[in-house]
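Peer 1: return a 3D structure for these sequence lines:
(one chain, ligands or ions: 2)
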Amino acid sequence: MMKAKVFIYVHPFEGMPTEENFRLIEEDLPPLKDGEFLAEAVYLSVDPYMRAYAPRLKVGETMIGSQVAKVIESKSIQFPIGSYVVGVFGWRTHTVVPENLPVSQFTPPPVLISYDGSVPLSYYLGVLGMPGATAYFGFLDICKPKPGETVVVSGAAGAVGSHVGQIAKIKGCKVIGIAGSDQKCQWLKTIGFDFVINYKKDNVEQALRAAAPNGVDCYFDNVGGEITTTVINQMNRFGRVSCCGAIASYNDNTPAKAIASYNDNTPAKVTTFLLPVILQELEFKGFVIYTWRNKWNEAVKRNQEWMTEGKLQYQETITEGFENMPKALIQLMQGKNVGKAIVKV
Ligand SMILES: NC(=O)C1=CN([C@@H]2O[C@H](COP(=O)(O)OP(=O)(O)OC[C@H]3O[C@@H](n4cnc5c(N)ncnc54)[C@H](OP(=O)(O)O)[C@@H]3O)[C@@H](O)[C@H]2O)C=CC1
Ligand SMILES: O=C(O)CCC[C@H](O)\C=C/C=C/C=C/C(=O)C/C=C\CCCCCO
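Peer 2: Ligands and ions are numbered 1, 2, ... in the order given. Below you'll find the predicted structure:
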């Protein structure tokens, strides 16, 4: 009988994730029924939404997440033995995948990879997968960048942010990246960012004013919080903001309250930037990437072309060993990853 290693969510998150939030168990897998296949994880993705999704997770459930897996047994015509799939199977080494897995905004159906060996399989969890599509559609369709415009990207050295900054360069923009270490900022310069700000060291407001003396036209927001308030206050009229992520608040146990007055001494929360939004007539758009599911291949194809043309550099932080999934998520939330965070089984 095939056994799966599975991480279940056993203690609700309080603040930063810890090893105690998870338990590793072994599960006996049933024999396959018609239409099913058995998937063996090769790489697992480590993503910020795993922490943000917590209010929807029930104690005792398998931890949410996607993986690249090999089909090692099959009673499915669509998923033959030896093929590779990307699937939201959770934190598990082996999965019996039913023909009609329930589908939602965060759990799209498994997809076959047309794998020719030219890039590592892990890329289908990053630059050629969900984060790559997020950068492509979330930036181009929402920020609508024009050549010569000034673009700011927060979370700039991560999977999505590093990709967005490079698309902005391809589109002829001036790009300013905000990230959490000198090492990350250094890498961003090597991949073409024009200016970088280390938000843990620099005064972001002053550094941004120096880097963007004529103001900011597009802001791709991966983090929210005070960084976002600061950027919004330096935006030009008719600027566009792509609200992709808000990792600065994912470890908060209670959502930030909207504060009525913007002009007092209260901490920076959402309404402190409402006045510049109105006066500068900014466009703000939040999104969840699966809204573009019907156009997915456009992003994969374009991102692949840009890589082949040498216009898109990609970096991964790979943690070895399935049992290190919790550690990899904790390290992501602590900012220890550069580029896409991956676990190799
Ligand atoms: N809307 C959508 O459909 C999607 C949204 N997202 C969102 O995009 C964002 C980036 O995701 P992804 O590229 O996968 O992750 P990253 O690879 O960027 O990893 C997360 C990074 O966030 C930074 N970070 C952590 N805490 C804070 C904080 N308090 N303030 C500022 N930065 C912080 C860290 O870098 P540093 O060292 O710079 O602090 C860390 O490395 C996330 O917010 C995610 O939720 C991702 C995919 C789809
Ligand atoms: O790799 C794949 O192709 C599958 C990825 C599956 C993934 O589950 C799909 C979408 C992910 C979207 C991520 C969004 C964010 O990070 C935005 C922030 C928060 C999301 C969680 C909020 C849940 C609220 O209850």
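Peer 1: quick check: residues of the stretch 51-200 of the chain near ligand 1?
Peer 2: When proximity is defined by CB under 6 Å from any ligand atom, the stretch 51-200 of the chain lies next to ligand 1 at 52, 131, 134, 155, 157-161, 179-181, 184. Backbone N, C-alpha and C define where each C-beta goes, glycine included.
Peer 1: neighbour count and secondary structure added to the residues you listed, as TSV?
Peer 2: Shown next, in TSV, are those (neighbours: other CB atoms under 10 Å; DSSP: H, G, I helix; E, B strand; the rest coil):
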residue	neighbour count	secondary structure
52	16	helix
131	26	helix
134	25	helix
155	28	coil
157	27	coil
158	30	strand
159	33	helix
160	28	helix
161	28	helix
179	30	strand
180	20	coil
181	16	coil
184	23	helix
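Peer 1: now those residues in CSV, with distance to ligand 2 and pLDDT?
Peer 2: As requested, those are exported to CSV (distance: CB to the nearest ligand atom, whole Å; pLDDT from 0 to 100):
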residue, distance to ligand 2, pLDDT
52, 4, 92
131, 8, 98
134, 7, 98
155, 11, 98
157, 17, 98
158, 11, 98
159, 11, 98
160, 9, 98
161, 12, 98
179, 18, 98
180, 18, 98
181, 21, 98
184, 19, 98
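Peer 1: pull the CA atoms of stretch 16-30 into PDB?
Peer 2: Listed next in PDB are the C-alpha coordinates belonging to stretch 16-30 (Å, rounded to 0.1, in the frame of the first residue of the first chain):
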ATOM      1  CA  MET A  16       4.500  34.600  12.500                       C
ATOM      2  CA  PRO A  17       4.000  30.900  11.600                       C
ATOM      3  CA  THR A  18       6.000  28.400  13.800                       C
ATOM      4  CA  GLU A  19       6.800  24.700  13.500                       C
ATOM      5  CA  GLU A  20       4.100  24.100  16.100                       C
ATOM      6  CA  ASN A  21       1.300  25.100  13.700                       C
ATOM      7  CA  PHE A  22       1.900  21.900  11.700                       C
ATOM      8  CA  ARG A  23       2.100  18.200  12.300                       C
ATOM      9  CA  LEU A  24       3.700  15.600   9.900                       C
ATOM     10  CA  ILE A  25       1.600  12.500   9.600                       C
ATOM     11  CA  GLU A  26       1.600   9.400   7.400                       C
ATOM     12  CA  GLU A  27      -1.500   8.400   5.500                       C
ATOM     13  CA  ASP A  28      -2.400   5.100   3.700                       C
ATOM     14  CA  LEU A  29      -3.600   5.800   0.200                       C
ATOM     15  CA  PRO A  30      -6.500   3.800  -1.200                       C
END
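Peer 1: buried ones in it?
Peer 2: Applying a neighbour-count criterion of 16 or more other CB atoms under 10 Å, one finds 17, 21-22, 27 buried in stretch 16-30.
Peer 1: closest one of those to ligand 2?
Peer 2: Closest approach to ligand 2 among the buried residues of stretch 16-30 (CB to the nearest ligand atom): residue 17, at 14.1 Å.
Peer 1: tell me which element that closest one is part of?
Peer 2: According to DSSP states H and E, residue 17 maps onto no helix or strand at all.
Peer 1: ditto for residue 68
Peer 2: Here residue 68, judged by DSSP H and E, is contained in strand 67-74.
Peer 1: and what of residue 137?
Peer 2: Residue 137 belongs to helix 130-143 when assigned by DSSP H and E.
Peer 1: after that helix comes which helix or strand?
Peer 2: Once the chain leaves helix 130-143, the next helix or strand it forms, by DSSP H and E, is strand 150-154.
Peer 1: so which bits of the stretch 101-250 of the chain are right by ligand 2?
Peer 2: Counting by CB under 6 Å from any ligand atom, the residues of the stretch 101-250 of the chain close to ligand 2 are 106-108, 125, 129-130, 245.
Peer 1: just the strands in the stretch 101-250 of the chain please.
Peer 2: 111-112, 150-154, 174-179, 195-198, 216-221, 235-243 (DSSP state E, counting those that start in this stretch).
Peer 1: single out the most deeply packed of the ones you listed.
Peer 2: Among the strands of the stretch 101-250 of the chain, ranked by average contacts under mean count of other CB atoms under 10 Å, first place goes to strand 150-154 (a mean of 30).
Peer 1: about what we covered before: out of the strands of the stretch 101-250 of the chain, which gets nearest to residue 277?
Peer 2: With CB to CB as the criterion, residue 277 lies closest to strand 235-243 of those, at 8.3 Å.
Peer 1: noted, bye for now.
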